[in-house]
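S.K.: here are the coordinates; sequence isn't available:
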């Protein structure tokens, strides 16, 4: 596949979350060529659950990890304990149960939670895209109080985006050449 | 100044705090330890050394110098173990339960409560290990494959303990860590030297993307949902150590809820203690405000009443039941040689919390410090009164006895406080003890939802009243 | 694969055992009868036990601290009016009564399920065994024993219990326990084992009376009778039968008020294997 036109990643820093939201609303409304809402990333110092209404539904797979981890813990716990008890050289005597279901339930419960939590954590690391090489397009002010918007655009479409940013009192604009994917 | 105190008396947090100020205040608390800090570290290490020395002695000589004897096979070790496990329920309560209830006021204070959870769990973990007669064989409690075909006994509540505590420690460390990642990113952006490397590693590339926040929110919620039943099950299992035994005074059906409520109670009291100390030493007056302290005290009071009720229920069910040995143990608790401890426990646990019913006291940190410490003394006595009298006065009259713990036991219990203190002291200087990003959230929401809306409405109302533009929607969004 | 096979086999074995009722898997079921009316409280059984089982002599201080190791102990009780009376001696004429206590070898023992490492378990002989090598010393078993018959090695007693020539009298058939281990009466399991081995060599069953516990052997009034409860010809079985003592009950019902025989704390459903012969009086 031939290389497309060179793409750039644009970071606009805003002093206020409201202004950043207005930028995205404008992008939705005025359809800048080559820019779709799906290509926008918002970087914010705090959590803004309300941006999902503007950005649209984006997938979040953590709960699938959680469910599979919990199920694994449940099934593995049940079989592990039963197998351990069945293969125990010291067997209870006198008609007492070898595999004690009632007390195993307690342990299965703990293992369900343990594996559920571990899987949730792993799912979080994958889902949030952590522990991987980052792009250098970032600013330390984002962890303080500024909101950043990152947009991927082709070279010829950069100017309208810049204009849009400036219309909403952007503090700073940076860009980076997008490397070969 | 007068205005400031007035403000802090009504609002959980002042919405006018600049975000940069939040960052700098919390980051400042992590740097430049003062003389007092080093003094506290040295004191903690000395206390820990007493514990270590006692344990070394016990390791070499045996359990005898601890004054354990035939009826009293468990004593301070197990009661202190239960005490520390109980303390560990505070963080879970504040972060998980209050998170699900959207109680915003937990945000400035949950971080150190969670750290307390983790560290008191690490302290508690020490006790079931060192109470073993043969510590060097402690790994036999862990289920691992052995060629000899030997496994731990999965029917034993002590093995349940091992499972539950492992799970709880893993869970609370993960919960503490996940909740701290955005803050570690802030630290990373402001640190230099070894701290920079540490925080870069620990913040695992947090950049505050919307994707990261979305996953973060979901993960945090799921972890909270796991942690609540886990915390309840952990202390129920600790209660099962006693309730599964047949001894009078232990074999009580209501023990699991009783233990859980006692755990939340002592945890809350410990939060108040540390709240007051951190507020004073780190000058966190702006974040750990008096209204939050007030709310924490109300919560403590409510839990204290639940605990007192369960206590009464236990007495009543023993009194009206036909279990004569259990009744004898109960009577002996009230009148026998242990009665000073038992009545002390009832006083500290059920009478003292009534001081929290007064708002003046709830907003007075200097008074709350001793009160909260005495609440925890009461809770420690409660655990001691669960373990000791039953062993002294069990079924067989021949073995009836009274005992006083030996110096080795006291030394190790003393040392455990040093161990906890040391861990906590290291924590507050390495990690932010107030959640910066969540305080920002709190400020943001207050400013936007409460403050700006009110201003807007006032503004619109004025405009409407003056008749300049009566068509303006005065109550947008209502 | 053996994991799955064991799993299925054990599962079916358990299901079968429910249908067929308990106790059927035992090869033997060692039991005891102690006639309290014959006991004079002379403590000879206790001494014999010390000699047979390498029990540590702990010294006066530790004994007073409750750290003694007497697997077999004579408990003394007084009639209520005489409590606190200075002149009362521990004789039966003055209302003292004696209670020889050793591990009751419960069939549903409370100590077994609570041991975290399965050091307390039940043998196919119906004995409640303690595996010293496996014990980690959590002491949960002793806490959960309503009879308080488990003893813990609080110190390395062997270091000064048997000063030099005395260590020559240690029983070679049984270990000397180190610190941190729980121990208790075994019904002289070393004697049971050697007798069973001898019988097996000669290709025969163990005969009643062939195994004698140290306390039984020493008792001057023959108050202690020991044997296999499954063997219907054994003295111990006959005595249980004669006094209408039954397993699997929480209260012994007697046809005749003259019949004695009760087990200790039967209401806790621990199923002890030791019957005490004494009339139960409601005071």
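M.R.: Looks like it came in fine. All values reported here derive from a predicted model rather than from experimental measurement.

S.K.: which bits of the stretch 201-350 of chain B sit near chain A?
M.R.: Within the stretch 201-350 of chain B, the residues that sit near chain A (Cβ under 8 Å from any Cβ of the partner chain) are B:204-219, B:222-223, B:226-227, B:229-230, B:233, B:237, B:240. In short, each C-beta sits where N, CA and C put it, glycine included.

S.K.: I figured residue A:21 hits residue A:52, correct?
M.R.: No. The criterion here is Cβ atoms under 8 Å, and residue A:21 misses it with residue A:52 at 11.6 Å.

S.K.: Neighbour count: these two, which is higher?
M.R.: Neighbours were tallied for residue A:21 and for residue A:52 using other Cβ atoms under 10 Å in any protein chain shown; the higher tally belongs to residue A:21 (21 against 15).

S.K.: Could you name the helices and strands sitting against the helix or strand where the more buried one lies?
M.R.: Element membership for residue A:21, per DSSP states H and E: helix A:17-30. For helix A:17-30, the packing partners by 3 or more Cβ pairs under 8 Å, 6 or more residues apart in numbering or on different chains; DSSP states H and E come out as strand A:7-14, strand A:40-43, helix A:51-55, strand A:147-154, helix A:158-167.

S.K.: Including distance to residue C:157 and mean pLDDT, could these go into CSV?
M.R.: Putting the helices and strands packed on helix A:17-30 into CSV (distance: least, Cβ to Cβ, whole Å; pLDDT from 0 to 100) gives the following:
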stretch, distance to residue C:157, mean pLDDT
strand A:7-14, 75, 84
strand A:40-43, 69, 86
helix A:51-55, 70, 79
strand A:147-154, 72, 85
helix A:158-167, 83, 84
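
S.K.: Which of these sits closest to residue B:379?
M.R.: Comparison of these against residue B:379 by Cβ to Cβ identifies helix A:51-55 as nearest, at 43.6 Å.

S.K.: that older thread, can you give the contact residues for the helix holding residue A:21?
M.R.: Applying Cβ atoms under 8 Å, 6 or more residues apart in numbering or on different chains, the external contacts of helix A:17-30 come out as A:12, A:14, A:35, A:37, A:40, A:42, A:44, A:48, A:51, A:54-55, A:147-149, A:151, A:164-165, A:167-170, B:444.

S.K.: Over to stretch B:182-190?
M.R.: Under Cβ under 8 Å, 6+ apart, the answer for stretch B:182-190 is A:45, A:140, A:143-144, B:23, B:27, B:30, B:111, B:195-196, B:199-200, B:202-203, B:206-208, B:216, B:431-432, B:435-437.

S.K.: Go through chain A and flag its longest helix.
M.R.: helix A:101-127 (DSSP state H).

S.K.: buried ones in that one?
M.R.: A:103-104, A:106-121, A:123-125, A:127 (16 or more other Cβ atoms under 10 Å in any protein chain shown).

S.K.: that older thread, relative to strand A:147-154, how tilted is the helix holding residue A:21?
M.R.: For helix A:17-30 and strand A:147-154, the angle between their directions (axes from the mean of the first three to the mean of the last three Cα atoms, to 10 degrees) works out to 30 degrees.

S.K.: May I see the buried residues of helix A:17-30?
M.R.: Within helix A:17-30, the residues that qualify as buried are A:17, A:19-24, A:27, counting by 16+ other Cβ under 10 Å.

S.K.: swap in stretch C:219-231?
M.R.: In terms of neighbour count (16+ other Cβ under 10 Å), stretch C:219-231 has its buried residues at C:219, C:223-231.

S.K.: Now that we have the residues of the stretch 201-350 of chain B next to chain A, which of them are buried?
M.R.: By neighbour count, with 16+ other Cβ under 10 Å, those hold B:204-216, B:218-219, B:222-223, B:226-227, B:230, B:233, B:237, B:240 as buried.

S.K.: thinking again about what came up before, of the buried residues of helix A:17-30, just say which sits nearest to chain B.
M.R.: The shortest distance between chain B and any of the buried residues of helix A:17-30, using Cβ to the nearest Cβ, involves residue A:17 and amounts to 7.8 Å.

S.K.: how much space between the closest one and residue B:210?
M.R.: 12 Å (Cβ to Cβ, to the nearest Å).

S.K.: returning to what we had before: out of the helices and strands packed on helix A:17-30, flag the one nearest residue B:293.
M.R.: Taking Cβ to Cβ, strand A:147-154 is the member of the helices and strands packed on helix A:17-30 nearest to residue B:293, at 32.7 Å.

S.K.: Give the buried residues for that closest one.
M.R.: The neighbour-count criterion (16+ other Cβ under 10 Å) identifies A:147-153 as the buried residues of strand A:147-154.

S.K.: circling back: what packs against the longest helix of chain A?
M.R.: The helices and strands touching helix A:101-127, judged by 3+ Cβ pairs under 8 Å, 6+ apart, are helix A:62-86, helix B:157-190, helix B:210-243.

S.K.: JSON lines please, covering those and showing mean pLDDT.
M.R.: Formatted as JSON lines, the entries for these read as follows, by pLDDT from 0 to 100:
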{"stretch": "helix A:62-86", "mean pLDDT": "93"}
{"stretch": "helix B:157-190", "mean pLDDT": "93"}
{"stretch": "helix B:210-243", "mean pLDDT": "92"}
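
S.K.: got TSV for these, with distance to residue C:117 too?
M.R.: Formatted as TSV, the entries for these read as follows, by distance: least, Cβ to Cβ, whole Å:
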stretch	distance to residue C:117
helix A:62-86	13
helix B:157-190	8
helix B:210-243	15
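
S.K.: Leaving out chain neighbours, which residue sits closest to the closest residue to chain B within chain C?
M.R.: Ranking the residues of chain C by distance to chain B (Cβ to the nearest Cβ) places residue C:137 first, at 2.0 Å. Taking Cβ to Cβ, 6 or more residues apart in numbering or on different chains as the measure, residue C:137 lies nearest to residue B:133, with 2.0 Å between them; neighbours along the chain are not counted.

S.K.: Looks like that neighbour contacts residue C:181 (just checking).
M.R.: Yes. Counting by Cβ under 8 Å, residue B:133 does reach residue C:181; the two are 6.5 Å apart.

S.K.: Would you mind pulling the contact partners of stretch B:86-96?
M.R.: If you take Cβ under 8 Å, 6+ apart as the criterion, stretch B:86-96 is touched by B:106, B:109-110, B:113-118, B:120-121, B:124, B:168, B:172, B:175-176, B:179, B:223-225, B:227-228, B:230-231, B:234-235, B:259-260, B:262-268, B:270-271, B:376, B:379, B:383.

S.K.: for stretch B:32-48, that is, sorry about that
M.R.: Applying Cβ under 8 Å, 6+ apart, the set of residues contacting stretch B:32-48 from outside is B:281, B:414-415, B:417-419, B:421-422, B:425, B:429.

S.K.: which residues are common contacts for residue B:133 and residue C:181?
M.R.: When contacts are counted by Cβ under 8 Å, 6+ apart, the set common to residue B:133 and residue C:181 consists of C:135, C:137, C:152-153.
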